[in-house]
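A.B. asks: Provided below for reference: sequence and predicted model.
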Amino acid sequence: MSTGATGREPGDAGEETVPVAPDRPVVDGRGKSSEELREEVVELDDDRLRHIDELRAELGDTVEELVARLDVPARVQAKKVETVAAAQQQFDRMYRLAVEKAEAVRKILRDRPGAVAGAAAALLLLVVLRRRRKVRVTAADGG
């Protein structure tokens, strides 16, 4: 019984093997034993299955990436959570710094009340002198 891949019958010996159609390969099992042909088919199947599995994995990764890119509400939510966490950390850091500095200022006020009073007086004098200068400059400009 012939497979139909060639135009020969099994009894035709010594004739050249010609494919039935030019685009179909010639199947000639005389060069290899049936066991070798089976191993070759199994090997080809394993390679194809491995290739199919790799393609499926790549396709799955691509689909997951596209879904993540197109899921705008989830991305916005993630960015919001990240921003809120960063702001909270910054606030905590600034709060701790303010508490530390407030303690240092309280200590200075308790330990050196005269120096603090002198600094306050100097600051007040500076503000008064600056206002007077501003009034003179405005009056000189005609305003």
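C.D. replies: Here it is on my side, so go on. Since the structure is predicted, the reported quantities are computational estimates derived from the model, not experimental observations. Numbering: from 1, shown residues only.
A.B. asks: Please count neighbours and contacts with C-alpha atoms only from this point.
C.D. replies: OK.
A.B. asks: quick one: average pLDDT of the helix ranked longest in the chain?
C.D. replies: In the chain, taking DSSP state H as the definition, the longest helix is helix 72-111. Average pLDDT, helix 72-111: 92.
A.B. asks: do stretch 118-133 as well
C.D. replies: 91.
A.B. asks: One more: stretch 23-31?
C.D. replies: Per-residue scores along stretch 23-31 average to 67.
A.B. asks: can you tell me the distance between the two ends of that stretch?
C.D. replies: Start-to-end span of stretch 23-31 (CA to CA, to the nearest Å) is 21 Å.
A.B. asks: next SSE after the longest helix of the chain?
C.D. replies: helix 113-140 (DSSP states H and E).
A.B. asks: That following helix to helix 72-111, inter-axis angle?
C.D. replies: 110 degrees (axes from the mean of the first three to the mean of the last three CA atoms, to 10 degrees).
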